[in-house]
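Novice: Pasting the sequence and the predicted coordinates here, then a few questions.
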Protein chains: 2
Amino acid sequence: MKKEEKSVEKLKGISVKKSENFSQWYTEIIEKCELADIRYNVKGFLVFQPWSVLSMEKMYDYYEKALQRKGHKPYWYPTVIPEKNFKIEGEHVKGFTPEVFWVTEAGNDKFDEKLALRPTSETAFYQMWSLWIRSYKDLPFKTYQRANIFRYETKATRPFLRSREFYWLEAHDAHATKEDAMKQVNEDMQTTKEVLHDIFGLPFIFFERPAWDKFPGADRTFAADVLNPDGRVVQQPSTHLLSQEFAKGFNVKFKDKDEKEKYAWITCYGPAISRIFASVIIVHGDDKGLRFPWKIAPVQVMIVPIRNDDQITKKAEELKNIIQEFASVEIDNTEKSAGEKFNYWEMKGIPVRIDLGPRDIENKKLTIFRRDTNKKEIIDEKNILDYLKKTSIEIDKNLIKEADKLFDSKIKEAKNKDEIKKIIESGAIARVNFCSVDKSGEKCAGIIEKEIGAQVRGIKLEKEKATGKCAICGKPAKEVVYIARQY
Amino acid sequence: MKKEEKSVEKLKGISVKKSENFSQWYTEIIEKCELADIRYNVKGFLVFQPWSVLSMEKMYDYYEKALQRKGHKPYWYPTVIPEKNFKIEGEHVKGFTPEVFWVTEAGNDKFDEKLALRPTSETAFYQMWSLWIRSYKDLPFKTYQRANIFRYETKATRPFLRSREFYWLEAHDAHATKEDAMKQVNEDMQTTKEVLHDIFGLPFIFFERPAWDKFPGADRTFAADVLNPDGRVVQQPSTHLLSQEFAKGFNVKFKDKDEKEKYAWITCYGPAISRIFASVIIVHGDDKGLRFPWKIAPVQVMIVPIRNDDQITKKAEELKNIIQEFASVEIDNTEKSAGEKFNYWEMKGIPVRIDLGPRDIENKKLTIFRRDTNKKEIIDEKNILDYLKKTSIEIDKNLIKEADKLFDSKIKEAKNKDEIKKIIESGAIARVNFCSVDKSGEKCAGIIEKEIGAQVRGIKLEKEKATGKCAICGKPAKEVVYIARQY
């Protein structure tokens, strides 16, 4: 509490509107809500503070439970990967080499071979699989790990969205056939919906990326795009059907029912928790500050005694004891004024605040402030648990509905370049009939990139039927693509 | 399931007795129970497998909840620490330099300054504190992080006990006075008791280490020693009252009530989850394999259909649905024989196994195998939930009682060098009157080290009264110390 008290004296709330200056709004939220401190003395690395960590731990928990429910088993692989492992898959090494941090010495020893700080762990996982996978009976072999990841980003870093160390989950699965692998891609899309949308409240489109925008080493790449209010999309979990070069390079093979040795088909899926947290801030936040879905709020209920008084203190403790059966709850006992406390917890995004004063205590009532609606409600004190059980569900429904409505309104049909341009510049996503997402479409995509500064994000995994002509080249359209600017 | 099936065909159970060949027993447990694979291709690094990770995740959860309950807030600090930070505290840099892995380049850039992979995070945490701590009102400032840690060990590595990357929690706290800091040391001892002993079932003594055995940069060092069956002790969580050189070097100061600027007193506490897991294996395991306390078992209940049959399958699913309200539960549907399944799950340490056969189903009974007692019990099917609720508590009590009894029997009084030697060689801990644990006692400790190969572990934090003379030099004894061989 004490630290928060001090901080609020220094920081007066968010000074800009989200819709007017999104970039400044985001920067202020990170600092004033004490989500991360960028003043650590290694460039591109930051310190994640309790208000974000408490929420991200809950996000990890929901995500890991979903992966485990679908049969993924948890592992912890080493952070370091020998350079030779990277060289086994040619595209992979080419794609990642510019981004790798290298460990080259320890104590008084210089290493003969450099060790990479994992920028992703394909080349750590798969070398072990050749020791473990023998038979078709071992497949599907479904695994994941919770890990921190290192990338030597050369683009400007931004807390949570892009930093040189970040936090993710990576699921790696081996399958007997390409069809099974594609089933896994569909399962990953379903997992993304269950967690990202239904729990974190983030609307997205799950795309297959065009041929020219694949993960280094993938045959096919799929990814969920979430929308920022400035119209830019942020790539969230991606799934890759990897090239069999990985299975061949790491000797991941199995004896099939027909007694023949075959190489496995490998998929991987990587939700970056710290980056998804950025979308939680961005999608749900408003001009006052953060708003958290109930399930992933760092603290769910804050009791604010409106003045320092024994009777109120006693009642606050009594309420806390009742509420903590169902929710995480704290009492704000700082020396701030009631008004300052209200503003502070609204900025910090507490879903439910109880403002506790003598008159309410006398009348056995409670005054509740809900951050999803920004409205006050008065309830009977004795109903608090029932109220919270009901309201916690309502809050999440409201936030999801609001986010879905905005997202849906931002997808607009375009028939030609001018319309695409207008849509993109209005901060939306253009839905367009397009020649092709194989190599032959790259020229049209290049025109969009050059003239509009936007990217072809791909086609929906549940494929849509194209009609008429490509909005750029006029050839028959084979695909419906979505075009947006990328963060 | 399938993978486990394969493994059991290959591996036939533990081949040696724990009491006869502890080292081999431990090696076999790690491999046959699939806890970790040491075949990763970087020396000293290993892959932690699901059966250990599931348990260690639960251990993290209990530990983090205890730290949070006592007011510690979670952070995630960067894994890399600039070399200059290390140089600020002289003893610290001297102690850790031989053990540090260095990141020296990334992409195409060679760094001007090397970055350490954290071997511990004092020098990452405290530089930020000078930005955050201002006033006595900010104290105590209680923080922690869950993190992976890197040490370039030159001693032989051993899975979980000592590896070059391991998993821990580190709590770092700033206090206004030395007295407050010592209160924190006591709180840390209490936390160790609540978690390590009362949940994980590990008996320990919480020592203050002698002056010649302190953490590099600490004024005083405290640590919990757990006992292996071969008589060696393993250092588990340690707490340090740090030298104020850290606060001075990193400028961690605050304005006190008297308006004067003062340097903070800093304590840190580091439970290594992966190392504590080694003690869970060692303390609770028996000749058949692992035994898990209920609360931290990877899976708590295993249902074993004794043959493949529709009626049994249906009943197994039905039971699973009932049990999963209260416990983590799986069904072993592999093609192994019932006998193989029994042996396998006994080796893997499942606390409660349900052996499901047609006669029990007919009689509405369940045959239960309890791994804490290695005995079968028959209960009414309808009582399963009540049975599990009661038995889960009994299991943990039994395991703790058994461990405590053995531990207490291994502490023996010694009056002179010969008695110490005899006790140590019998695989026990010697309790001894001793001259002193300040610098003046180092000579006697050296004699014990040289002639017996054992170490003075320290004095109990709840101080005991010494009587008579030092068992080594014959001078008046100021302390009661405990002597043991260290893993």
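Specialist: Everything's here; your move.

Novice: Now do the contacts for A:Arg164.
Specialist: By C-beta atoms under 8 Å, 6 or more residues apart in numbering or on different chains, the residues touching A:Arg164 are A:42-45, A:101, A:150-153, A:157. Where C-beta positions appear, they are placed from N, C-alpha and C, glycine not excepted.

Novice: typo on my end, it should be A:Pro358
Specialist: A:309, A:311-312.

Novice: Any chance of the residues you listed in CSV with secondary structure and neighbour count as columns?
Specialist: Below are the contacts of A:Pro358 laid out as CSV (DSSP: H, G, I helix; E, B strand; the rest coil; neighbours: other C-beta atoms under 10 Å in any protein chain shown):
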residue, secondary structure, neighbour count
A:Asp309, coil, 15
A:Gln311, helix, 12
A:Ile312, helix, 20
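
Novice: okay, now the closest residue to chain B within the stretch 151-300 of chain A: neighbour count?
Specialist: Of all residues in the stretch 151-300 of chain A, A:Tyr152 sits closest to chain B, with a separation of 3.9 Å (C-beta to the nearest C-beta). Counted with other C-beta atoms under 10 Å in any protein chain shown, residues neighbouring A:Tyr152 total 20.

Novice: In this structure it contacts A:Phe101, no?
Specialist: Yes: under the criterion of C-beta atoms under 8 Å, A:Tyr152 makes contact with A:Phe101 at 5.7 Å.

Novice: list residues touching both of the two?
Specialist: The contact sets of A:Tyr152 and A:Phe101 overlap at A:164, B:106 (C-beta under 8 Å, 6+ apart).

Novice: show me where the stretch 351-487 of chain A has strands.
Specialist: A:352-356, A:365-370, A:375-380, A:411-414, A:429-434, A:455-460, A:479-486 (DSSP state E, counting those that start in this stretch).

Novice: Please confirm that A:Met189 is located within a helix.
Specialist: Yes: in this structure, A:Met189 lies within a helix as judged by DSSP: H, G, I helix; E, B strand; the rest coil.

Novice: I'd like to know how many residues surround it.
Specialist: 21.

Novice: Who are the contact partners of the residue nearest to the spatial centre of chain A?
Specialist: Nearest residue to the geometric centre of chain A (C-alpha atoms, centre = their mean): A:Ile276, 1.6 Å. Each residue near A:Ile276 by C-beta under 8 Å, 6+ apart is listed here: A:59, A:196, A:200, A:202, A:236-237.

Novice: State the helix or strand in which it lies.
Specialist: helix A:273-284 (DSSP states H and E).

Novice: Give the rounded mean pLDDT of stretch A:236-254.
Specialist: Averaging pLDDT along stretch A:236-254 gives 95.

Novice: cool, stretch A:388-395 as well?
Specialist: 98.

Novice: so how far is it from its chain's centroid?
Specialist: Averaging C-alpha positions (C-alpha atoms, centre = their mean, to the nearest Å) puts stretch A:388-395 24 Å from its chain's average.

Novice: residues near A:Tyr362, how many?
Specialist: No, residue A:362 isn't Tyr; it's Glu. 9.

Novice: scratch that, A:Gly468 is what I was asking about
Specialist: The burial count for A:Gly468: 10, using other C-beta under 10 Å.

Novice: Check A:Val93 too.
Specialist: A:Val93 has 17 neighbouring residues, counting by other C-beta under 10 Å.

Novice: cool, A:Phe434 as well?
Specialist: Other residues near A:Phe434 come to 27 when the count uses other C-beta under 10 Å.

Novice: Mind pulling up the pLDDT for the closest residue to it other than its chain neighbours?
Specialist: Computed as C-beta to C-beta, 6 or more residues apart in numbering or on different chains, the closest residue to A:Phe434 that is not its neighbour in sequence is A:Val481, at 4.2 Å. Note on A:Val481: pLDDT of 98.

Novice: ditto for A:Ala316
Specialist: Reported pLDDT for A:Ala316: 97.

Novice: picking up where we left off before, please flag which of the contacts of A:Ile276 sit within helices.
Specialist: A:Met59 (DSSP state H).

Novice: how much space between the residue of chain A positioned farthest from its centre and A:Lys315?
Specialist: Within chain A, A:Glu362 marks the point farthest from the mean C-alpha position, 45.2 Å out by C-alpha atoms, centre = their mean. The spacing between A:Glu362 and A:Lys315, counted by C-beta to C-beta, to the nearest Å, is 11 Å.

Novice: Please apply the same query to A:Phe254.
Specialist: Distance from A:Phe254 to A:Lys315, by C-beta to C-beta: 65 Å.

Novice: ok so, going back, which ones are touching the residue of the stretch 151-300 of chain A closest to chain B?
Specialist: Counting by C-beta under 8 Å, 6+ apart, A:Tyr152 touches A:44, A:98-101, A:164, B:106-107, B:109.

Novice: mind listing what A:Val80 touches?
Specialist: A:103, A:115-118, B:42, B:45, B:101, B:165.

Novice: Now A:Lys314: which helix or strand?
Specialist: If you go by DSSP H and E, A:Lys314 is part of helix A:310-323.

Novice: So what's the residue count around A:Arg134?
Specialist: Neighbour number of A:Arg134 under other C-beta under 10 Å is 15.

Novice: I figured it hits A:Asp256, correct?
Specialist: No: taking contacts as C-beta under 8 Å, A:Arg134 lies outside contact range of A:Asp256: 11.2 Å.
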